[in-house]
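1. sequence first, predicted coordinates after that:
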Amino acid sequence: MAHPLTKDDLDNINASLKGIDSVKGIIARAKIAGLDVAEQEQQMVTAEQRLKAIKQGFFPSGRA
């Protein structure tokens, strides 16, 4: 059975997770500035959890 996800998919997942790390800093600064970013923060957490679950499910070794 062919693997449904490719190395390119893994690269995209890793890039997205790296992007989430930088968004965490932006959200932290927005909170300090007094902005209500609770909804954006929850969306970010959900996206991160989903990406990590996909990565673990399809790439348990972290490699394609």
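-> Looks like it came in fine. Numbers count the residues shown, from 1 in each chain.

2. burial measure for V45, as a count.
-> V45: 13 surrounding residues under other Cβ atoms under 10 Å. Quick note: C-beta positions are derived from backbone N, CA and C, even for glycine.

3. list the buried residues for the one helix or strand it maps to?
-> Secondary structure from DSSP states H and E places V45 in helix 38-58. Under the neighbour-count criterion of 16 or more other Cβ atoms under 10 Å, helix 38-58 has E41, M44, E48, L51, K55 buried.

4. from those residues, pick the one nearest S16.
-> L51 (5.6 Å; Cβ to Cβ).

5. and of the buried residues of helix 38-58, the nearest to G34?
-> E41 (14.4 Å).

6. and for the closest one, nearest residue in space, chain neighbours not counted?
-> Nearest residue to E41, sequence neighbours excluded (Cβ to Cβ, 6 or more residues apart in numbering): I27, at 5.2 Å.

7. whichever strand or helix holds the one you found - contacts with which helices or strands?
-> Assigned by DSSP H and E, I27 belongs to helix 7-32. In this structure, helix 7-32 makes packing contacts with helix 38-58, judged by 3 or more Cβ pairs under 8 Å, 6 or more residues apart in numbering; DSSP states H and E.

8. show the average pLDDT along the helix it packs on.
-> For helix 38-58, mean pLDDT rounds to 97.

9. how close does A64 get to G19?
-> 19 Å (Cβ to Cβ, to the nearest Å).

10. so how far is P4 from the residue nearest to E41?
-> Distance from I27 to P4, by Cβ to Cβ: 32 Å.
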